[in-house]
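[1] what's the 3D shape of this:
(one chain, ligands or ions: 2)
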Amino acid sequence: MKITVVGAGNVGATCANVIAHKELANEVVLLDIKEGVAEGKSLDMWQTAPINMFDTRITGSTNDYSKTAGSEVVVITSGLPRKPGMSRDDLIATNAGIVRSVTENIIKHSPEAIIIIVSNPLDVMTYCAFLAAGVPSHRVFGMAGILDTARYRAFLAEALDCSPKDIQAVLMGGHGDTMVPLPRYTTVGGIPVTELIDGQKLEAIVQRTKSGGGELVNLMGTSAWYAPGAAAAQMVEAVVRDQKRIFPCCAWLQGEYGQQDIYLGVPVKLGRKGIEQIIELQLNEDEKALLNESSKAVKEVMKVLDNMNK
Ligand SMILES: NC(=O)c1ccc[n+]([C@@H]2O[C@H](COP(=O)([O-])OP(=O)(O)OC[C@H]3O[C@@H](n4cnc5c(N)ncnc54)[C@H](O)[C@@H]3O)[C@@H](O)[C@H]2O)c1
Ligand SMILES: O=C(O)C[C@H](O)C(=O)O
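    Ligands and ions are numbered 1, 2, ... in the order given. The predicted structure follows:
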């Protein structure tokens, strides 16, 4: 088993580190365009192996895609992160070109790979990779929902003074301000969250979740990496261990939820084949309206990409 992580920046390096710690592969290749960065970080990580007791071999490469050949799973994190005052959508002009060329190189050397996109704006970069890869959509999907629900679950655990392990949640829509956390599908040890917290507090947590990425950008001057890296690694784990886990992921919709030809966050089953099932919830009218609003926002950014590709 060989896994490649493209982009050895904050998210990519964190993701590769988690993959190695969990021994999800025999080999992890970290690739970056910046001379020496991937080699340096992978050497540093490899030197933690005798301390942290793992034997996954981590190697680095400066843009030599032949080193990634035969990868079974590839995580793409290459691209600019946003700075305070920017939206994720502002990154499209730079990141679309990066994601397209990276995907083309990856698929040339690993035609059977499953590709997980992390670069922002997430939903549209996943669409961009899908177009560039020319492989079935169950093999190209994006990471956002695991991160967004992790934030939501962490905020709830704090408010309820309980373990985050006991909080289960679903969140749908695009990875932006229009994302749709779903309190009706949130439980704490099997108990509906609405029975444990008052409506106002819950609404405040929903709002904080929607701007959770921006909160961190404002604190750090760049975007988050520990939770994003761990979230992408959790998706890799579900695939390589064929766990058939149910996660919210950014998936290509062909009629599900009334959405056509769009990458959007929905609950899916993740296993060795990638997205093995899209799960359709019976949303109520309010939830449907929020999802439609989010889909509209993503479609607007997809149009920008389509115009760039003309
Ligand atoms: N989906 C999510 O939930 C989520 C979460 C966090 C970050 N992100 C996004 O992930 C991306 C990376 O974030 P980061 O914090 O790691 O940024 P970073 O700047 O720390 O790292 C990005 C890396 O990409 C590399 N890179 C640029 N062009 C490349 C190319 N053509 N080929 C190979 N490598 C290339 C850069 O050299 C850099 O090392 C950003 O677009 C960010 O917005 C998404
Ligand atoms: O907020 C960002 O720009 C990065 C990422 O999408 C996040 O949610 O942390």
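[2] all helices for the stretch 1-150 of the chain, in order.
    10-21, 37-46, 49-52, 92-109, 122-133, 145-160 (DSSP state H, counting those that start in this stretch).
[3] can I get these in CSV with distance to ligand 2 and mean pLDDT?
    In this view, the C-beta of every residue, glycine as well, is placed from N, C-alpha and C. Shown next, in CSV, are these (distance: least, C-beta to the nearest ligand atom, whole Å; pLDDT from 0 to 100):
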stretch, distance to ligand 2, mean pLDDT
helix 10-21, 8, 98
helix 37-46, 20, 98
helix 49-52, 26, 98
helix 92-109, 11, 98
helix 122-133, 6, 98
helix 145-160, 6, 98
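[4] redo those as JSON lines? Include mean neighbour count.
    As requested, the helices of the stretch 1-150 of the chain are exported to JSON lines (neighbours: other C-beta atoms under 10 Å):
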{"stretch": "helix 10-21", "mean neighbour count": "25"}
{"stretch": "helix 37-46", "mean neighbour count": "20"}
{"stretch": "helix 49-52", "mean neighbour count": "10"}
{"stretch": "helix 92-109", "mean neighbour count": "19"}
{"stretch": "helix 122-133", "mean neighbour count": "26"}
{"stretch": "helix 145-160", "mean neighbour count": "21"}
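[5] with Y226 as the reference, name the closest of those helices.
    helix 10-21 (6.0 Å; C-beta to C-beta).
[6] and the closest one, what does it pack onto?
    strand 2-6, strand 27-32, helix 37-46, helix 226-240 (3 or more C-beta pairs under 8 Å, 6 or more residues apart in numbering; DSSP states H and E).
[7] can I get those in CSV including distance to E215?
    Converted to CSV, these look like this (distance: least, C-beta to C-beta, whole Å):
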stretch, distance to E215
strand 2-6, 26
strand 27-32, 27
helix 37-46, 27
helix 226-240, 12
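[8] contacts only, for G36.
    Counting by C-beta atoms under 8 Å, 6 or more residues apart in numbering, G36 touches T62.
[9] next, L270: secondary structure please.
    strand (DSSP: H, G, I helix; E, B strand; the rest coil).
[10] nearest residue to it other than its sequence neighbours?
    Nearest residue to L270, sequence neighbours excluded (C-beta to C-beta, 6 or more residues apart in numbering): A238, at 4.0 Å.
[11] next one: the one you found from ligand 1, what distance?
    16 Å (C-beta to the nearest ligand atom, to the nearest Å).
[12] okay, now that residue: neighbour count?
    23 (other C-beta atoms under 10 Å).
[13] would you confirm that it contacts G271?
    Yes. With contact defined as C-beta atoms under 8 Å, A238 counts as touching G271 (6.8 Å).
[14] who's in contact with the residue of the stretch 101-250 of the chain found nearest ligand 2?
    Closest approach between the stretch 101-250 of the chain and ligand 2, counting by C-beta to the nearest ligand atom: G213, at 2.3 Å. Listed by C-beta under 8 Å, 6+ apart, the contact set of G213 reads R88, S223, A224.
[15] in three-state terms, label it for me.
    G213 ends up helix, using three-state DSSP.
[16] what about the residue of the stretch 1-150 of the chain at minimum distance from ligand 1, distance to K34?
    Nearest residue of the stretch 1-150 of the chain to ligand 1 (C-beta to the nearest ligand atom) works out as G9 at 1.7 Å. Distance of G9 to K34, given as C-beta to C-beta, to the nearest Å: 9 Å.
[17] comparing these two, which residue is more hemmed in?
    Taking other C-beta under 10 Å, G9 and K34 do not tie; G9 has more neighbours (19 against 12).
[18] before we move on, back to that, got any residues that touch both of A238 and G271?
    K244, R245.
[19] contacts for stretch 150-161?
    Residues contacting stretch 150-161 (C-beta under 8 Å, 6+ apart): 163-164, 166-169, 171, 181, 186, 188, 193, 196-197, 201, 205-206, 208-209, 212, 227, 230-231.
[20] go on, stretch 251-265?
    Residues contacting stretch 251-265 (C-beta under 8 Å, 6+ apart): 123-124, 126-127, 130, 137, 140-142, 144-145, 148, 171-175, 179, 248-250, 266, 268, 275, 278, 280, 283, 288, 291-292, 294-295, 298-299, 302.
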